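[1] Starting from these lines, generate the structure:
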Amino acid sequence: IAIETSRGLLVAALHNGHRQVFAINPLALARHPDRHTVSRTKSDRADAPALAHILRTDIHRHRPLPNDSDQAKAITVQARAQQDAVWNRQQIANQARSLLREYYPAALEAFHSRKGGLTRPDARQVLTMAPTPAQAARLTLAQLRRALTRAGRSPNIDTDAHQLHALFRTGRPRQPTPVEHAMGRQLPALLTQLDAACQATDDLTTAADEQLRTHPDAQILLSFPGLGPQLAARILAETGDDHTRFSDARGLKAYAGSAPITRSSGKKRYVGRRYIKNDRLCHAGHLWAFASLSASPGAKAHYQRRRDHGDWHAAAQRHLFNRFLGQLYHCLQTRQPHNEEQAFGPTP
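    Predicted structure coming up:
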């Protein structure tokens, strides 16, 4: 069966049967009718036989949907939901930051430079209690201590309370009182959304972590440097656990977008990055390569060699991710964990 999507209830129902299901890229389908007509007509009635002809003539050029286990499919749902929740949380935090820049710069100075920024529980607690500069200036040290305690802070409460107390009382430019009051009504609405987004992210992160650790490939994935539970779940979600899906490591690298693509015509030849790829897997690989620089001496040395060779930061990280994917493919095929010395050689 040829169909233009790889997701959905219909695809799941078809794939659970005894038929092979091929997901044909809509772009490939759009170009196929040009072999028979140049009128560029488009209709579902014409697309159906076009899909059938693609499999009839070029089935060897297409791959059926992978036979991932139900557990891997569940991890895919959890990992993608967790990633979407992280993006949604950051989007709301960016909206709150833009609003604070308009009328409340002291709040940005107090929390934005710290890890987590406005998504920190203490930042949300203090801003909920004092959504305007005027209210923040009236906060006492005791109120600030109680707010930090309610947010779960235990060390350095007195120090942080004194810093916030002095910062909120520093003279700064202010909006007119009615405008400041109106913006102070808008901020709690954003903080309510941010609280919900932070809670959803925490819940989905825990669920994805628990789901990952029950999978047989989890220990192999977690043995790689820089690959924690969240990134490992995203990698497994996008690559699946059907180890026959890719005939070799080159297919996996091309699917992830880490392998370069060559365009050659006449005297012109261009080698550059891929733009047709699995974007979620590529994003996870960027984070993986960056985290591995501080966790693996071999990865850091490889990255530095690429920089010395002339690569920009992104290109060097993409090259490192490309190498990690080759190692991951080998480890999954041979069922052995990652070995730093075998992967990068002895560290000088």
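
[2] Check which helix or strand L204 maps to.
    helix 177-213 (DSSP states H and E).

[3] Need the contact partners of the helix or strand just after that helix.
    Per DSSP H and E, helix 177-213 leads on to helix 218-222 as the next helix or strand towards the C-terminus. With contact meaning C-beta atoms under 8 Å, 6 or more residues apart in numbering, helix 218-222 is reached by 212, 227-229, 232, 235-236, 328, 331-332, 335-338. In short, each C-beta sits where N, CA and C put it, glycine included.

[4] how about 10 Å then?
    75, 209, 211-213, 215, 227-229, 231-233, 235-236, 239, 328, 331-332, 334-338 (C-beta atoms under 10 Å, 6 or more residues apart in numbering).

[5] Using CSV, list the CA coordinates for it.
    In CSV, the C-alpha atoms belonging to helix 218-222 read as follows (Å, rounded to 0.1, in the frame of the first residue of the first chain):
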residue,chain,number,x,y,z
ALA,A,218,18.3,2.2,26.6
GLN,A,219,21.6,1.1,28.2
ILE,A,220,23.4,1.3,24.8
LEU,A,221,22.1,4.8,24.2
LEU,A,222,22.8,6.0,27.7
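
[6] quick one, the helix or strand just after that helix and helix 177-213 angle?
    Sequence order places helix 229-239 as the next helix or strand after helix 218-222, per DSSP H and E. Calculated by axes from the mean of the first three to the mean of the last three C-alpha atoms, to 10 degrees, helix 229-239 forms an angle of 70 degrees with helix 177-213.

[7] Please name every helix or strand in contact with whichever helix or strand comes after helix 229-239.
    As assigned by DSSP H and E, the chain's next helix or strand after helix 229-239 is helix 249-256. The contact analysis (3 or more C-beta pairs under 10 Å, 6 or more residues apart in numbering; DSSP states H and E) places helix 249-256 against helix 229-239, helix 279-292, helix 313-334.

[8] Let's have those in JSON lines, adding distance to S43 and mean pLDDT.
    JSON lines is the format used below for the helices and strands packed on helix 249-256 (distance: least, C-beta to C-beta, whole Å; pLDDT from 0 to 100):
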{"stretch": "helix 229-239", "distance to S43": "33", "mean pLDDT": "95"}
{"stretch": "helix 279-292", "distance to S43": "30", "mean pLDDT": "95"}
{"stretch": "helix 313-334", "distance to S43": "40", "mean pLDDT": "95"}
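
[9] Looking at these, which one is packed in the most?
    Among the helices and strands packed on helix 249-256, helix 229-239 has the highest mean neighbour count (mean count of other C-beta atoms under 10 Å), at a mean of 24.

[10] which helices and strands does it pack with?
    Counting contacts by 3+ C-beta pairs under 10 Å, 6+ apart, helix 229-239 is packed against helix 70-103, helix 177-213, helix 218-222, helix 249-256, helix 279-292, helix 313-334.

[11] what are the C-alpha coordinates of the helix or strand just after the first one, in PDB please?
    What that stands for is helix 70-103. Using DSSP H and E, the next helix or strand after helix 70-103 towards the C-terminus is helix 105-111. Extracted C-alpha coordinates of helix 105-111, given in PDB (Å, rounded to 0.1, in the frame of the first residue of the first chain):
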ATOM      1  CA  PRO A 105      13.900  45.700  33.800                       C
ATOM      2  CA  ALA A 106      14.800  44.900  37.400                       C
ATOM      3  CA  ALA A 107      13.100  41.600  37.100                       C
ATOM      4  CA  LEU A 108      15.100  40.700  34.000                       C
ATOM      5  CA  GLU A 109      18.300  41.700  35.800                       C
ATOM      6  CA  ALA A 110      17.400  39.600  38.800                       C
ATOM      7  CA  PHE A 111      16.400  36.300  37.100                       C
END
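
[12] buried stuff in helix 105-111?
    Residues 105-108, 110-111 are the ones in helix 105-111 that count as buried (16 or more other C-beta atoms under 10 Å).

[13] what's the answer for stretch 120-136, then?
    120, 122-127, 130-133, 136.

[14] roughly how far is it from the heart of the chain?
    Distance of stretch 120-136 from the chain centroid (C-alpha atoms, centre = their mean, to the nearest Å) equals 29 Å.

[15] for stretch 137-152, same thing?
    Distance, stretch centre to chain centre, for stretch 137-152: 35 Å (C-alpha atoms, centre = their mean).

[16] And for H165, nearest residue in space, chain neighbours not counted?
    Spatial nearest neighbour of H165, excluding adjacent residues (C-beta to C-beta, 6 or more residues apart in numbering): L141 at 5.4 Å.

[17] Contacts only, for the one you found.
    Counted by C-beta under 10 Å, 6+ apart, L141 has contacts 158, 161-162, 164-165.

[18] can you rerun that using 7 Å?
    L141 makes contact with 161-162, 165, according to C-beta atoms under 7 Å, 6 or more residues apart in numbering.
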